[in-house]
Structures are given as C-alpha cells and as structure tokens.
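Colleague: pasted the sequence and its predicted model underneath.
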Protein chains: 2
Amino acid sequence: MPDKVVQIKSSPKQNSENETEDQIIAKTLSRIKHKIMVMSGKGGVGKSTVAVHLALSLAQKGRKVGLLDVDLHGPSVPRMLGLEASLPGGAKPTAIIHSPNLSVVSIEPLMPDKDRSIIWRGPVKIGVIRQFISGIDWKDLDYLVIDCPPGTGDEPLTVAQTIPDAHALLVTTPQEVALADVRKSLDFCWQVKLPILGLVENMSGMVCPHCHEKIELFSSGGGKSMAEGYRIPFLGLIPFDPQIVRASESGKPFLKPYEELTNTVLERMEG
Amino acid sequence: MPDKVVQIKSSPKQNSENETEDQIIAKTLSRIKHKIMVMSGKGGVGKSTVAVHLALSLAQKGRKVGLLDVDLHGPSVPRMLGLEASLPGGAKPTAIIHSPNLSVVSIEPLMPDKDRSIIWRGPVKIGVIRQFISGIDWKDLDYLVIDCPPGTGDEPLTVAQTIPDAHALLVTTPQEVALADVRKSLDFCWQVKLPILGLVENMSGMVCPHCHEKIELFSSGGGKSMAEGYRIPFLGLIPFDPQIVRASESGKPFLKPYEELTNTVLERMEG
C-alpha cells in the first residue's frame, strides 16, 4: 500500500543539486515563516476541528497557509474541508489548493480507496511524514498548521524532530481524563524542547438548543485552570456546538467561534 | 524510560523450561477463554469507557475478567477505575486486582510519574505489549478485554498478531467523520482476519438535564445503519450522559447503560 505514497518522493538523484532529504526539508521549511503543531493528549477532543478552523481563519485574514494532516490512520481534514480532489501529480507535486490562501496535504487523497485502513508500523510512518515535507512543493507560506494524531508517538515525535522551529498548540476538553493526557503532552513538549504556543479548552460546556440552559458536557474550566497552574498561555474556551459538528460534516466549517483563538495566535506569532 | 517496564519481562533464561516468548504468550492465552479487542477508528468516541464498563459488567455477572490497556500514550483505564496501586512485583507479577473478578494491567502504574509522556516509537511499543501478555501472570480468565488506542497502527496490529483468536468490538460515535474512520477499522479487521464481534454506537444523542428534550450531539443512528449496511452485528446505542463522565471522573463507573451491550456480548461469545 505505501507504493502510491512513495511516488511523491523526489529522490536525491532526481534533484539536480543532488541534495539529501534533510537538505530538501530544510530548504522547504525555510520558506515557511511559522509552524504550528496542533496536538492533544487524548483523541476526540476536537484537535482536527481546531486545526482546520485555525487554518481557515488565518487564510481568511490574508495569510498564506498550508495545512498538513499527519494523522495517517484517521485523517479527518479532507472530510472537514469537503476535499474531493487527489494530490496533483508531477515531478514535485503541490499541495491541494483548497482556496487561494489555503493548501492542504493529507494521506487520504493519496490512497486509491479512502475506506482502506493504513496498517503501517512506525518506521513507514516516519518516512511518509518526512516525504510530506520534502516531496511536496509547499511554496512560500506564512503558516504551516500541522494536525497530529493524539498522543506522543511516532507522528508527533517525527514532526517535532523534523521541524525544529515548530510551536505546539495543545487542545483539550475539560474533564480530568483528558487533562491527565494533556499533562503528558506538556511533558512531551518539555522533553523534546518544543515551545508551547498555548492551550485551548474545547467542548467547554454547551447551551441546550431547546431551553438555552447551560449543560456541562465534560464540566468546564479545567483547561483554563491547568494552563494557569503550569503557567502556559491559555488561548481560549470553545463551547461545544452541534452546529459546528454539522458544519464540519458538510465540509463547510464556520469560523466565528475561532475568531478569538485566531487573533491570539496571530498576536503571539507575529506580535 | 522503558527500563521499569522491561523489569516485568521474564526472560527465557529465567524460565525453567527455557521457553521462548512466543511459547509463553501461547500458554498464557490458552488459559483465557475469550479475548475481546475494543477498537475505534477515531479517538474520543468512548472506547476506553466502553472497555472499562464492559469489563466491570462481565465481572459483576460472575466472569473472571482481565482488562489490558494497550493505550500506551494516553492510558485512561487506571483513572476510570480509580486505580492507585502499582503493579505488584515478583518473579512474574500478577495484574492489579481491582475486585475479586477483575484484574487490570496498564502502563501507567508501571511508570514512576504518571504525568510523564511515553515517547516510544513503534518497535518499543510492540515489545511492551507482548510483555503485557508474556510477562504477567494473568491466571485463568473467562474474558480478556483489551483497550486499544484509536486507529490501525502498531498497537492494534500487535494485539491482532499476538492474540490470534481475538474478536474486535468496534466503538463509534454517529457523525460521519467518526464513521469514516470506522470503515478503516473494518478494513483493518478484514485485512488481518480479525473476526468482528460487533459495533457499538456511543454518545448517541443526549437528553437535556434541564428541559429533558433530546439533543443530537453528533446526530444519531449513523453507527446502526452502518452496521446494517456492512452486515456486521450491531451491539446497541449508548446515549451521551454527563453522569457517566462524572462517574468515570471519580473512578466509580456506573453500569446501567451497558447492561444490554454486556448481555449481547455474553450471548454472542458464550451462546
């Protein structure tokens, strides 16, 4: 199955300057101003939702944005963006153009059948993630937003080691089971010396669409007080909203709840 | 960091019969009647919650149950069960006894600091999962319930290859982004020839605690119709309930919503 992916690799021999993959990666990354790695300890806290909405909001504000989905086993980005296209071919393919300011790379458009599982062990995944940077012409970008799978395994470790100037944006939900995993993500960032852009608390309560009373789905405020406790920047609370789920389902995300987060990110990265 | 885990390994030389690890694994598994691997395509769909509650319910119904948490980066089982103990030491340590019928193994009680991240690449994880079977005295069990991390990577693949007579129990939430990932899990099961016990639809709507109207969190029925479409057994709908979250938070899960699921599992495995 990895055959199709291997095609995107530009081997050193094909390159006129005979560069190594490390050199090609360094050159590609030098054309990208800011790199944000969206991480979570626990799955299903809305990491992909945050990554997609942040990328869209940054693009809407005029930044040139690349969105790199390194969740190889469960890529959500293409569906959330309503992407049907395949990755364009060529000697060095470009990312899929979603809109003038947003280009996207994910494993799914590279696979012949999107319902096939990716049963790859770690070393293959490391190679594929590196090819996502070395083998694709990302052009000049203001931001590369990287959607990592949950946890602290091969994928985030490969990103952290391959992109030395990346910043981590951590996403959590407010319940203790999720916070416990975020503490592990924080430890990961400290161990691999990844600077922390901040923590977002997602699914932080919801308002009943019928009676408009507040419902604590997973309690709320846990992420905020955790950020304070660890003295890391808190980037905001995003309430759970079935409308966001439906909008994401239909491939037409809506950006309002991410306005504050995006402004804070811009301020911290460019300010 | 793997040092502490390596201690639980009983090396072939220590064993009087000089067995290989494969032989020890086969012998351990021969004392366990039924093996259920709880999987999900997407994270955060309640896989650990289902695994923990199923294990507790089976134990309550008089079965001898082992619960093996192979989510190494984000173990949730110890917190959901309120486990504080460390894995008992000794030449061949036994699992943590949660209650007379339920014993548990997870990476967390083996780690000196539970907030430390497990930054292990694939090959180390494979070794640790195999040691969880070969290096621990599980004794005679009716059921081994295995909580896998989301996706189709090293952990579920190692479990499927190490436990040839395991059955897969798939957990999903009803929205399309989750269902897309379940289709990948199904493909995984077919590819590695893992029999499918069935699919559970979790977080299937909720009832507002204030006005008691139904709220479609992630829509509902998507898992059920998917099971019908693929002709795999459907094991039931479990609604989202903040009470379950709070109960899990406090380490005192409550079992009523899992009654039907447990009975169906018993019927299918023993009937």
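Modeller: All right, it came through fine.

Colleague: can you pull out the helices in the stretch 1-150 of chain A?
Modeller: If you assign secondary structure with DSSP state H, counting those that start in this stretch, the helices in the stretch 1-150 of chain A sit at A:3-6, A:21-30, A:47-60, A:77-80, A:122-134.

Colleague: weakest of the ones you listed by average pLDDT?
Modeller: Taking each of these in turn, the lowest mean pLDDT turns up on helix A:3-6, with a mean of 40.

Colleague: quick one, what contacts whichever residue of the stretch 101-250 of chain A sits closest to chain B?
Modeller: Scanning the stretch 101-250 of chain A for the residue nearest chain B gives A:Gly122, at 2.6 Å (criterion: Cβ to the nearest Cβ). In short, each C-beta sits where N, CA and C put it, glycine included. A:Gly122 makes contact with A:153-154, B:121-123, B:125, B:153-154, according to Cβ atoms under 8 Å, 6 or more residues apart in numbering or on different chains.

Colleague: so, low pLDDT: which residues of the stretch 151-271 of chain A?
Modeller: Flagging of the stretch 151-271 of chain A using pLDDT under 70 yields an empty set of residue ranges.

Colleague: from A:Leu67, how far out is the closest residue in space to A:Leu255 that isn't next to it in sequence?
Modeller: Leaving out its chain neighbours, the residue that sits closest to A:Leu255 by Cβ to Cβ, 6 or more residues apart in numbering or on different chains is A:Ser57, at 5.2 Å. For A:Ser57, the distance to A:Leu67 (Cβ to Cβ, to the nearest Å) stands at 12 Å.

Colleague: ok, A:Gln131 next?
Modeller: When Cβ to Cβ is the yardstick, A:Gln131 and A:Leu67 sit 17 Å from each other.

Colleague: the two: who's more crowded?
Modeller: Taking other Cβ atoms under 10 Å in any protein chain shown, A:Gln131 and A:Leu67 do not tie; A:Leu67 has more neighbours (27 against 21).

Colleague: pLDDT wise, what is the more buried one at?
Modeller: 98.

Colleague: which strand residues bridge it?
Modeller: With DSSP bridges applied, the residues forming beta bridges to A:Leu67 are A:Val104, A:Val145.

Colleague: quick one: it from chain B, how far?
Modeller: Summarising the geometry, the distance separating A:Leu67 from chain B, computed by Cβ to the nearest Cβ, to the nearest Å, is 16 Å.

Colleague: now do the contacts for A:Cys211.
Modeller: Going by Cβ under 8 Å, 6+ apart, A:Cys211 touches B:208, B:210-211, B:213.

Colleague: most widely separated two among these?
Modeller: Comparing every pair within these by Cβ to Cβ identifies B:His210 and B:Glu213 as the most remote, at 8.8 Å.

Colleague: quick check: neighbours shared by those two?
Modeller: A:208, A:211.

Colleague: and the helix ranked longest in chain A, what other elements does it pack with?
Modeller: Counting by DSSP state H, the longest helix found in chain A is helix A:176-191. In this structure, helix A:176-191 makes packing contacts with strand A:32-39, strand A:166-172, strand A:196-202, helix A:222-230, helix B:77-80, helix B:242-249, judged by 3 or more Cβ pairs under 8 Å, 6 or more residues apart in numbering or on different chains; DSSP states H and E.

Colleague: just put the ones you listed in CSV and tack on mean neighbour count and distance to B:Gly271.
Modeller: Converted to CSV, these look like this (neighbours: other Cβ atoms under 10 Å in any protein chain shown; distance: least, Cβ to Cβ, whole Å):
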stretch, mean neighbour count, distance to B:Gly271
strand A:32-39, 22, 44
strand A:166-172, 26, 42
strand A:196-202, 24, 42
helix A:222-230, 17, 43
helix B:77-80, 24, 27
helix B:242-249, 18, 27
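
Colleague: so which of these gets nearest A:Ser106?
Modeller: With distances scored as Cβ to Cβ, the stretch of those nearest to A:Ser106 is strand A:32-39 (13.7 Å).

Colleague: name every strand pairing with the closest one and say which way it goes.
Modeller: Strand A:32-39 is paired, per DSSP bridges, with strand A:141-147 (parallel), strand A:166-172 (parallel).

Colleague: distance to B:Trp190 for the ones you listed - can I get that in JSON lines?
Modeller: Output for the strands paired with strand A:32-39, formatted as JSON lines (distance: least, Cβ to Cβ, whole Å):
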{"stretch": "strand A:141-147", "distance to B:Trp190": "27"}
{"stretch": "strand A:166-172", "distance to B:Trp190": "32"}
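
Colleague: any idea which of those gets closest to A:Lys33?
Modeller: Go through the strands paired with strand A:32-39 one by one with Cβ to Cβ and the one that ends up closest to A:Lys33 is strand A:141-147, at 5.1 Å.

Colleague: flag every buried residue along the closest one.
Modeller: Taking 16 or more other Cβ atoms under 10 Å in any protein chain shown as the basis for neighbour counts, the residues of strand A:141-147 that come out buried are A:141-147.

Colleague: stretch A:59-73 now?
Modeller: Applying a neighbour-count criterion of 16+ other Cβ under 10 Å, one finds A:59, A:63-73 buried in stretch A:59-73.

Colleague: doesn't B:Ile118 make contact with A:Gln191?
Modeller: No: look at A:Gln191 against B:Ile118 with Cβ atoms under 8 Å: they stay out of range, at 10.6 Å.

Colleague: ok, those two, which is more surrounded?
Modeller: Looking at A:Gln191 and B:Ile118 with other Cβ under 10 Å, you find the greater number of neighbours at B:Ile118, namely 24 against 15.

Colleague: which residues of the stretch 151-271 of chain A lie near chain B?
Modeller: With Cβ under 8 Å from any Cβ of the partner chain as the criterion, the stretch 151-271 of chain A comes near chain B at residues A:151-154, A:157, A:173, A:175-177, A:180-181, A:183-188, A:191-192, A:208-211, A:213, A:215-219, A:240, A:242, A:245-246, A:248-249.

Colleague: restricted to buried residues, select those residues in ChimeraX.
Modeller: Buried members of these, defined by 16+ other Cβ under 10 Å, are picked up in ChimeraX with:
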select /A:151,152,153,154,157,173,175,176,177,180,181,183,184,185,186,187,188,192,208,215,216,217,218,219,240,245,246,248,249
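
Colleague: residue contacts, A:Lys47?
Modeller: By Cβ under 8 Å, 6+ apart, the residues touching A:Lys47 are A:38-40, A:147-148, A:150, A:171.

Colleague: give me the lowest-pLDDT entry from those residues.
Modeller: pLDDT is lowest at A:Pro150 among the contacts of A:Lys47; the value there is 91.

Colleague: which residue is most remote from the mean position of chain A?
Modeller: For chain A, the residue at maximal distance from the C-alpha centroid (Cα atoms, centre = their mean) is A:Cys211, at 34.9 Å.
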